[in-house]
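>>> Could you work out the structure for the sequence below:
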Amino acid sequence: MGDINYVGSVVKILEKPVQTVITDKIIRTSFRAQLVQVRKIQIAYLVFWGNLARDIINNYQVNDYIMIEGYLSVSNKTNNKLPKRQLKKAQITVLKVYSI
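Down below sits the predicted model:
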């Protein structure tokens with residue numbers, strides 16, 4: 001049986017990747033992307049670490065399609081404007097990227 005949180009999907013990059021440096025040598029890149037296979041508009045936050053984060057900044061831009069593999073995590077966030085409504089935020093920590 002496979003890992004239930006492991007995801008493979010084609011995504012469209014929606015915004016310019018943002019790179020942050022943690023300590024001296026660890027690079028983190030994140031941005032929002034749209035999951036292409038889902039019929040309704042579904043947005044996920046993608047996170048890349050290390051050399052893969054550097055490659056994303058150098059090789060991809062907004063509106064590019066890429067195939068990704070990684071681990072999905074979902075967090076609940078309470079909306080202050082609507083007290084009883086919970087928003088879910090999907091984040092994928094990407095391990096592999098393929099060009100399309």
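>>> Could you use CA atoms for every contact and neighbour count after this?
Fine.
>>> Show me the shaky parts of this structure.
1-3, 41, 77-87 (pLDDT under 70).
>>> where exactly do the strands run in this protein?
6-13, 18-22, 26-35, 43-49, 65-78, 86-99 (DSSP state E).
>>> what's near enough to touch the spatially closest residue to Arg28 that is not a sequence neighbour?
Residue nearest to Arg28 in three dimensions, not counting chain neighbours: Trp49, with 4.7 Å by C-alpha to C-alpha, 6 or more residues apart in numbering. Trp49 makes contacts with Ile26, Ile27, Arg28, Thr29, Val94, as judged by C-alpha atoms under 8 Å, 6 or more residues apart in numbering.
>>> Going by neighbour count, which of the residues you listed are buried?
Buried members of the contacts of Trp49, scored by 16 or more other C-alpha atoms under 10 Å, are Ile27, Arg28, Thr29, Val94.
>>> I'd like to know how far the last one sits from Lys40.
Going from Val94 to Lys40 by C-alpha to C-alpha, to the nearest Å gives 22 Å.
>>> again with the third one
The gap separating Thr29 from Lys40 is 26 Å, by C-alpha to C-alpha.
>>> which strand residues sit across from Thr20 in the sheet?
Arg28 (DSSP bridges).
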